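K.L.:
Structure of the sequence below:
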Amino acid sequence: MNLQSPSKDLPAQRVALITGAASGIGASVCTYLASIGVHIAAADQNVAGLEALRAQLNPNVRFLGESLDVRDEAAQHAFVDRVERELGPITDVVPCAGLARSAPAEEMTIEQWDLVLGVNLTGTFLTCKAAARAMLPRGRGNIVCIASITAKGGQPGRANYAASKWGLMGLVKSLATEWGRHGIRVNAVAPNGVDTPMLSIGVPEHFRDGVMLDRTPLGRFARPEEIAQTIGFLLSDTASYVTGSILEVDGGLTSGFLTHRHGADYALHGRS
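P.N.:
Below is the predicted model:
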């Protein structure tokens, strides 16, 4: 069975749990998986966004949406119980809930630090933990988390975000090590900038265009559906021997250092 294209071989009870599902990467993951017949359990604090998402999905799949604060462990376990009761056994998990609160490190409040670490790292852990308790006894399951190329190096003003994503990469490695013998694969994608509200609202235009795009060899940001399709690959049997991996989906940004103007040979020949 291959999740990358519609198939008659898709099992009737393939069920994916996605957090942060109302917008951005999470919404694109829901749309993509639903398009190939996967039933969707979507969680987000944006209830209106969940309702809008439901209206856009393949009507042939079942959908369950719920308001959820991913930092609430009891609520996470209750949501997993509801999903298993109403949709069937969870087979795939994509914790997409995440946020950024930028500030200079010396001015960053403990509230800003705790919020970002709480949602991006602790929230992801709690989603994985709650879902794994259901999947482990069955001896199968797939988890794909959302890391970031920001974790590959420091970035001014984003100490909390970089720390959360670096920690998430360690979490993925640890869970893959623990749960592999139980048939559960755990991976992550690490995007560059993705054309989502988080990017447009949270990153100043001069930095997006003058630095991020300037140093990205492909010269553009990712479309959310490109990240979703990569996640679909990691969930599929095509990737059945892949676990503990952090897959960079970054348009080539982390391919080199001291890069400039989409990888032009500026350093060698002084040309732009």
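
K.L.:
Can you dump the C-alpha atoms of whichever strand or helix holds residue 27 in CSV for me?
P.N.:
Assessed by DSSP states H and E, residue 27 sits inside helix 24-35. The C-alpha coordinates for helix 24-35 follow below in CSV (Å, rounded to 0.1, in the frame of the first residue of the first chain):
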residue,chain,number,x,y,z
GLY,A,24,-1.0,25.7,7.5
ILE,A,25,0.8,22.4,7.3
GLY,A,26,-1.7,20.6,9.5
ALA,A,27,-4.6,21.5,7.2
SER,A,28,-2.7,20.5,4.1
VAL,A,29,-1.9,17.1,5.7
CYS,A,30,-5.6,16.6,6.4
THR,A,31,-6.5,17.5,2.9
TYR,A,32,-3.9,15.3,1.3
LEU,A,33,-4.6,12.3,3.4
ALA,A,34,-8.3,12.6,3.0
SER,A,35,-7.9,12.8,-0.7
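
K.L.:
now for it, which elements pack on it?
P.N.:
Applying 3 or more Cβ pairs under 8 Å, 6 or more residues apart in numbering; DSSP states H and E, we find helix 24-35 packed against strand 15-19, strand 39-43, helix 47-56, strand 92-95, helix 224-235. All C-beta spots, glycine's among them, are computed from the backbone N, C-alpha and C.

K.L.:
and the closest residue to residue 152 other than its chain neighbours, how many neighbours does it have?
P.N.:
Excluding its sequence neighbours, the residue lying closest to residue 152 (Cβ to Cβ, 6 or more residues apart in numbering) is residue 254, at 5.5 Å. Other residues lying near residue 254 total 16 when counted by other Cβ atoms under 10 Å.
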